[in-house]
Every structure is written in structure tokens, then in C-alpha cells.
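J.: model this:
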Amino acid sequence: MKASDSSSEASVFELKGSVLTVMVLYLRETDPDLLYPQLKKKIGPARSFFNNAPLLIDLKAVIEEEQMRLDFLVLTTFLRGLGLVPVGVRAAADGVAQRVLDAGLGVLPPAKIEKAIDVSTEEPMVEQAIEPIPDPPAEPDPLLEPPLLEKRVPAKVITQTVRSGQQVVAQDGDLIILSSVNAGAEVVAGGNIHVYGALRGRAMAGVHGDAGARIFSLQCNPELVAVADAYMVNDSLESRLLNRCVMITRGSKGLQFEVLGTFDPHHG
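T.: Presented below is the predicted three-dimensional model:
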């Protein structure tokens, strides 16, 4: 029998680094009597938004003594029960690293990319590449609350089609898609979402609880749309809304759809 020459074997895989968009759960408290009820209250009603979404747990705001009290296996199981997929822990103290690994999670160092992002954001893995908008006027409208002005961040603009399996996130600002969102794709924004094309995937606006956020779609036929804590799936949409130019808002009884017109790509 001939000995195989490993140097001539064709490689069957490649291992490369990659920058991915992933949700980050920033923990500030590890007391289970506080943590788990709040997670369930916040994520439970909107679990369809986050179903099977990878999640990174960040502990930079938790001192080592409190990290030691955290049962990572229980936390991981609880998050999976809410539909999330925990993949790792960031900024874990040395004393808990092995417990993180025992829970089936990866260990990552504290994020350094935060220093390179010149916008107000709690999500360091979502970059903002658009030119900053002008500062608010010296005498803002008194009806606007100061916190809203402080949180104003650049819009994120995407010029290409968002394809199946892709997720685009504008953590705190508006998201503008100058093309379509295919079925199986997902667009998420802390503010408004504008889709200047067909919306066939999932769109979630106001994900931090902004009930005043809106979704605009030139051709509306989504798998799911959500504003703050209200959502609707495609099967529940009225036929009159399909493929129409629509604005979606959060009303007192759930989502409201306003038909703005009809867009026919074959006529201009």
C-alpha cells in the first residue's frame, strides 16, 4: 500500500478571519432575580424578531466578583429558550473564563473597535460609514426631548440588494436601503427603515422600543415587519397592501399600514 503524500492533497477547507454583524447583550447586573425576568419581558414578546440570531454576551460593565456569581450554563440555556443563539462572551474575567468554555461559549477579549467609531452607539460591531449629519439647531423645537437629540446618529445607507441570509443593522439610527431586501434577508434599525425597492425579507424598526419609528417600503411583501414591540407576519397582511408603496407605523392596537401609492418598475 502506498503511503499518501499529504503535501499533494487538495485542501478541503479554508480558515479565514471575518467581520460579522452580531447582536451584543451588554450585561450590567448578574442577579438572576433581576436579570432573567427583564430578559424575558424584553425579548419574550419579540422573540420572532431574534429567532436563531447569534448573540455575543459582553461583561465589560460587570466587575469580576459579580461575574463569579453568574451561571453561564443557565444563562445560555435561558437565552436559547428565547430563540437566541449565544456564541461567546466578551470581556470575561480570567477567573470565569473556564466556566464560559464549559458552557459551550467562546471567550473573546474586550472590543477595541469601539475607539474607532465616532458615533454614539452601544453596538461596536456595527460600523457607521456615512457622513455625519449636521448638529441640531441652537434653538431646537421645545417639543423634542433633549435625549432624542443626543441620540441622533448618522443614517446607514446600503446601495446594494440585501440578499437571503444577510443581516444589516443600524443600531441607533435610520437605515436606508437603496435597493431591495430579498426573502430570507433581515434589516434592523433603532430608528426608521426606508426600502427603495421590494421588501420581501424581514424589517424591524425601533428595536430599542421607539414606538414612533416607521418603515417605508416601495414594494411591500415582507416575511415579517415590526416596529418596537409590535409585529406582523406575511400571512396576516391584507392583500391590498401587497406590492404597494406602504408606510408602517406603531398604533395603539398594533401595526398600522398606510398605502402611499403603487410602484410599477416597468413604467417610469
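
J.: when you work out contacts or count neighbours from here on, use the C-alpha atoms and nothing else.
T.: OK.

J.: apart from its neighbours in sequence, what residue is nearest Leu70?
T.: Thr30 (5.9 Å; Cα to Cα, 6 or more residues apart in numbering).

J.: distance check, that neighbour against Val24.
T.: From Thr30 across to Val24, the span is 16 Å (Cα to Cα, to the nearest Å).

J.: check Leu73 too.
T.: According to Cα to Cα, Leu73 stands 18 Å off from Val24.

J.: and if you look at Ala170?
T.: Ala170 is 13 Å from Val24, by Cα to Cα.

J.: ok, the two, which is more surrounded?
T.: More crowded of Ala170 and Val24, by other Cα atoms under 10 Å: Ala170, with 27 against 19.

J.: mind listing what the closest residue to the more buried one other than its chain neighbours touches?
T.: Nearest in space to Ala170, with sequence neighbours left out and distances taken as Cα to Cα, 6+ apart, is Ala189 at 4.6 Å. Each residue near Ala189 by Cα atoms under 8 Å, 6 or more residues apart in numbering is listed here: Val169, Ala170, Gln171, Asp172, Gly173, Asp174, Leu175, Met204, Ala205, Gly206, Val207.

J.: ok, the fifth one - contacts?
T.: When you say that, I think you mean Gly173. Counting by Cα under 8 Å, 6+ apart, Gly173 touches Arg152, Val153, Pro154, Ala155, Lys156, Ala189, Gly190, Gly191, Asn192.

J.: type out the PyMOL command that picks the buried ones from those residues.
T.: The following PyMOL line selects those of the contacts of Gly173 that are buried, judged by 16 or more other Cα atoms under 10 Å:
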select buried, resi 152+153+154+155+156+189+190+191+192
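
J.: mind putting the contacts of Gly173 in a markdown table, secondary structure and distance to Leu241 included?
T.: Shown next, in a markdown table, are the contacts of Gly173 (DSSP: H, G, I helix; E, B strand; the rest coil; distance: Cα to Cα, whole Å):
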| residue | secondary structure | distance to Leu241 |
| --- | --- | --- |
| Arg152 | coil | 31 |
| Val153 | coil | 31 |
| Pro154 | coil | 30 |
| Ala155 | coil | 27 |
| Lys156 | strand | 26 |
| Ala189 | strand | 22 |
| Gly190 | coil | 24 |
| Gly191 | coil | 23 |
| Asn192 | coil | 19 |
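
J.: confidence-wise, which of the contacts of Gly173 comes last?
T.: Here the lowest pLDDT out of those sits on Arg152, with 61.

J.: which SSE is Cys245 in?
T.: Using DSSP states H and E, Cys245 sits within strand 244-251.
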